[in-house]
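Undergrad: Model the structure of this input:
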Amino acid sequence: MDQVSRLSDELNQKLEYLWKSAGAWPEYQQVMRLALSAGRSDKALPGERFSHLESLPGLCCQAAGGAPDWADDLTLAWLLYYAAAHLMDSVQDNDDPGLWWVEQGAKVALSAASGLYFSATTALNNLAHHKIVSPMFAEIVRDFSETLLVMGSGQYADLIRPAITLEQYWEQAGSKSGAFFSLACRTGARLATAESRRLEAYASYGRHLGLLVQITDDLEDVSPPKDTGVHGQRRPFARSLPVIYALEVFPSQQAKQLQGCLQDAPLNAEAAQQALDLVDQSGAAEYVTVVIEQHKSQALQALAHANPYPPAGEALAALVREI
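TA: Predicted structure coming up:
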């Protein structure tokens, strides 16, 4: 059984035991299960209930000289915090509701998100009982708390800004996806090493990996429509990297034309397609291609500076190349 499969079984068992031992009511456990199961089609963590990226903290721990299972509780906390934050973002951004909460409304989604937050905190606290990693417990909890506050700051800025510049896009992406993946890599490695240079390298690797994940999310937002409807009617379409780049480089007349199409896109398939065509004309595809290659190169350079042990080092490099 490979590491990803082992972790999937292990983390699910840990989560079920955590809920049972904490005394969470069965119906509350079920709504949290539904929230996590709905994330199977999510872009940032695709695939199964937890994706192949769930191996990230354990791989960094192993690459830094530790055993991958040292990071199981940390990994579970990281994934649960992600799921909770993603669910709250969906409600705040007025995204289409998931089928599991469409009838009962956003209040049920927010309740599930709260439960996932509390579950994540409980999982993280379990590090204190691990003989090998308990000395790092307070430091890692502080790192999680500070990073989550930074992420909250980025989400708040996204909510209050009616429009964002290219500079603000990178600031927000860095404070959210970049910071979150950096946290996973830095804390995973911290379980095995205290060497600041290596930890900074793992943090940098994770930051660039997180930005790559964000960019690929944005590319899906501006993909041509599939089957029915127009992909791009959701709020993220207008705030995706290709669109923001187009608005930044276009002369004022074309920028106004694109803004008009974006305003009409939710109810007008033709306007949505015109917006996609304008984005194409801006050279956004070329810009995004260059940026992706830059972040891949920087991630791999940072990984090399971390001097990772095989085979975990090769696996971390593969995560970058596969994006």
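Undergrad: contacts, neighbours, all on C-alpha from now
TA: Noted.
Undergrad: Which helix or which strand is home to residue 171?
TA: If you go by DSSP states H and E, residue 171 is part of helix 166-173.
Undergrad: List the buried residues of that helix.
TA: Going by neighbour count (16 or more other CA atoms under 10 Å), the buried part of helix 166-173 is 166, 168-169, 172-173.
Undergrad: I figured residue 258 hits residue 278, correct?
TA: Yes. Between residue 258 and residue 278 a contact is recorded at 6.6 Å, counting by CA atoms under 8 Å.
Undergrad: Looking at these two, which one has more neighbours?
TA: residue 258 (25 against 21; other CA atoms under 10 Å).
Undergrad: residues in contact with that one?
TA: With contacts defined as CA atoms under 8 Å, 6 or more residues apart in numbering, the neighbours of residue 258 are 247, 274-275, 278.
Undergrad: pLDDT at it, what is it?
TA: pLDDT for residue 258: 96.
Undergrad: Tell me the spacing between it and residue 131.
TA: 58 Å (CA to CA, to the nearest Å).
Undergrad: returning to that earlier point: what is the helix holding residue 171 packed up against?
TA: For helix 166-173, the contact count by 3 or more CA pairs under 8 Å, 6 or more residues apart in numbering; DSSP states H and E identifies helix 137-160, helix 241-249 as packing neighbours.
Undergrad: what residues are up against the residue nearest to residue 67 when sequence neighbours are not counted?
TA: Leaving out its chain neighbours, the residue that sits closest to residue 67 by CA to CA, 6 or more residues apart in numbering is residue 61, at 6.5 Å. Applying CA under 8 Å, 6+ apart, we find residue 61 in contact with 67-68, 70-71, 185, 188-192.
Undergrad: hey, where'd the helices end up in the stretch 201-323 of the chain?
TA: Ranges of helices within the stretch 201-323 of the chain are 235-238, 241-249, 252-264, 269-281, 284-306, 312-321, based on DSSP state H, counting those that start in this stretch.
Undergrad: Return the most buried member of these.
TA: helix 241-249 (a mean of 23; mean count of other CA atoms under 10 Å).
Undergrad: Not counting its own residues, what contacts it?
TA: Applying CA under 8 Å, 6+ apart, the external contacts of helix 241-249 come out as 164-166, 169, 215, 218-219, 222, 237-238, 255, 258, 278-279, 282-285, 288.
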